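J.: Dropping the sequence and predicted coords here.
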Amino acid sequence: MAEVKDPTEGWQPYLQSLPTVYAGFSLDGEPGESGLIQRIFSYRNVESHRSVSIVYDRSTVEFMLRVRVGLVEFCDVRFIHPERDRFEAILQTSLFPLLDSLQCCIPERMETLFRNKKLHEWDYESILPMQLHGFSRVVCPANCVQVTNGSYLIIDYSDYARESSLRFFFNVFRDDFFAELLVRGVPEATKQFDAPNLKELESCLRGSLDSGLRDLRARI
């Protein structure tokens, strides 16, 4: 399929139909370019460190939607299409529900196995402080996010200036909880918080969250 010459062309009628603010996200209709990625427009919530960007990827010759939550960025596979009109039709039906789900966890929109973990009923505030060793809690179970490969981002502690974080996931295919590090922009696996269920994850957090973030701070 031929590459689109100017992927920003033809979007004005659609952009003019969009609200400038929706669910705490502000519309940025100014196009931009980074390498092979042409940004068409974005919705951003600076306070919650969340955004979605509608882009055109010249390497794959496709329109797509990229989600950023804290320091986590991924392409939502539901929003990929090589044809602009078809891609716009996907946006018209699914963009705003996506923004809703980025602001808070909506259990009925999650997969059954994830809902059954009942994270939305978990009283986690006493073990997940907002700040710890210079890291900010930017994701918690109340505003968890479905990411890629069957995983949900459920907890995230980040230091943006150092491009470093400790984040926790639940994977529906493996039916378990796990964590990963981001150390100055480089992902790194860790087994420290592997847990088969929520009870054991809570035990790991009570015993090791403080030391885990303290050790990460020392490394960065």
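T.: Good, I have the coordinates.
J.: on contacts alone, who are the packing partners of the helix or strand of the chain with the lowest mean pLDDT?
T.: Lowest mean confidence among the helices and strands of the chain (mean pLDDT, DSSP states H and E): strand 32-34, at a mean of 87. With contacts taken as 3 or more CB pairs under 8 Å, 6 or more residues apart in numbering; DSSP states H and E, strand 32-34 sits against strand 37-45. Placement of C-beta: from N, CA and C, glycine included.
J.: Please identify the buried residues of the strand it packs on?
T.: Within strand 37-45, the residues that qualify as buried are Gln38, Arg39, Ile40, Phe41, Ser42, Tyr43, Arg44, Asn45, counting by 16 or more other CB atoms under 10 Å.
J.: all strands in the chain, in order from the N-terminus.
T.: Ranges of strands in the chain, per DSSP state E, are 21-22, 25-28, 32-34, 37-45, 50-57, 62-69, 72-81, 131-132, 135-139, 145-146, 151-159, 164-171, 176-183, 186-195.
J.: just to revisit the earlier point, please identify which of the buried residues of strand 37-45 is nearest to Asp85.
T.: Ile40 (13.9 Å; CB to CB).
J.: Quick check: the spatially closest residue to that closest one that is not a sequence neighbour vs Cys75, distance?
T.: For Ile40, the nearest residue in space outside its immediate sequence neighbours is Ile54; the separation is 4.7 Å by CB to CB, 6 or more residues apart in numbering. Counting by CB to CB, to the nearest Å, the gap from Ile54 to Cys75 is 11 Å.
J.: Neighbour count for these two, which is higher?
T.: Under the criterion of other CB atoms under 10 Å, the comparison of Ile54 against Cys75 puts Ile54 first, with 24 against 16.
J.: Geometric centre of the protein: which residue is closest?
T.: In the chain, the centroid-proximal residue (CA atoms, centre = their mean) is Val69; its distance is 3.7 Å.
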